[in-house]
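Chemist: Sequence unavailable; structure follows:
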């Protein structure tokens with residue numbers, strides 16, 4: 001099974017279950033460092049919902065066109081800039097030394113996702129057909145003390161690393 005992260009015009013990052021776990025791990029480390037604004041914490045919550053140990057293997061992923069990027073061009077630009085900043089921080093191997101494994105292929109996944117996000121125009125997203133990005137009251141604003149990352153409260157207790165038994 002694979003997990004799909006869709007961009008525009010048929011672009012898609014197609015990851016197997018293990019690759020998805022690595023992809024989510026390195027993005028959660030980065031988003032937890034950078035999140036400051038309400039939209040950031042909503043995006044962080046979306047990433048925590050990609051935890052296959054809770055959601056199931058082969059059933060996670062999202063489309064960039066399904067996100068609520070904001071109501072104004074400025075908000076959409078800032079949201080896209082934030083996602084790119086998160087990916088860039090992850091590409092810099094932020095906190096990877098804390099992982100109990102070497103994410104050997106993660107930079108390739110991140111580069112492909114960065115390109116997909118970079119090519120995506122949030123202005124074309126319109127109103128999402130389905131709600132993917134958690135609402136403000138569902139944002140990831142709790143932190144796992146043990147792993148120092150944002151976690152998936154209110155959905156379940158524990159971060160993506162706790163659910164792995166890390």
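Modeler: On my side now, so go ahead. Note that the structure is predicted; figures quoted are calculated from it, not measured. Residues are numbered from 1 along each chain as shown.

Chemist: Could you list the low-pLDDT ranges of the protein?
Modeler: 1, 55, 126-131, 135, 137, 139-140, 152-157, 165-166 (pLDDT under 70).

Chemist: can you pull out the helices in it?
Modeler: Ranges of helices in the chain, per DSSP state H, are 17-34, 38-48, 52-55, 73-91, 106-119.

Chemist: Which one of these lies nearest to residue 138?
Modeler: Closest to residue 138 of the helices of the chain, according to C-beta to C-beta: helix 38-48, at 5.8 Å. Backbone N, C-alpha and C define where each C-beta goes, glycine included.

Chemist: just to revisit the earlier point, I'd like the helices of the chain laid out as a markdown table, including mean neighbour count and distance to residue 5.
Modeler: Shown next, in a markdown table, are the helices of the chain (neighbours: other C-beta atoms under 10 Å; distance: least, C-beta to C-beta, whole Å):
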| stretch | mean neighbour count | distance to residue 5 |
| --- | --- | --- |
| helix 17-34 | 22 | 8 |
| helix 38-48 | 22 | 11 |
| helix 52-55 | 17 | 13 |
| helix 73-91 | 18 | 11 |
| helix 106-119 | 17 | 6 |
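
Chemist: for these, which one sits closest to residue 158?
Modeler: helix 52-55 (8.4 Å).

Chemist: and residue 68, how many residues sit next to it?
Modeler: Number of residues near residue 68 (other C-beta atoms under 10 Å) recorded here: 19.

Chemist: Need phi/psi at it.
Modeler: The phi/psi pair for residue 68 (degrees, to the nearest 10) reads phi -90, psi 100.

Chemist: my guess is it contacts residue 134, does it?
Modeler: No - between residue 68 and residue 134 there is no contact under C-beta atoms under 8 Å: 9.7 Å.

Chemist: sorry, back to before: which among the helices of the chain is found nearest to residue 161?
Modeler: Nearest to residue 161, of these and by C-beta to C-beta, is helix 17-34 at 7.3 Å.

Chemist: Can you tell me which helices and strands the closest one packs against?
Modeler: strand 2-6, helix 38-48, helix 52-55, helix 73-91, helix 106-119, strand 149-150 (3 or more C-beta pairs under 8 Å, 6 or more residues apart in numbering; DSSP states H and E).

Chemist: any chance of those in JSON lines, with distance to residue 64 too?
Modeler: Listed next are these as JSON lines, based on distance: least, C-beta to C-beta, whole Å:
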{"stretch": "strand 2-6", "distance to residue 64": "6"}
{"stretch": "helix 38-48", "distance to residue 64": "11"}
{"stretch": "helix 52-55", "distance to residue 64": "19"}
{"stretch": "helix 73-91", "distance to residue 64": "8"}
{"stretch": "helix 106-119", "distance to residue 64": "7"}
{"stretch": "strand 149-150", "distance to residue 64": "20"}
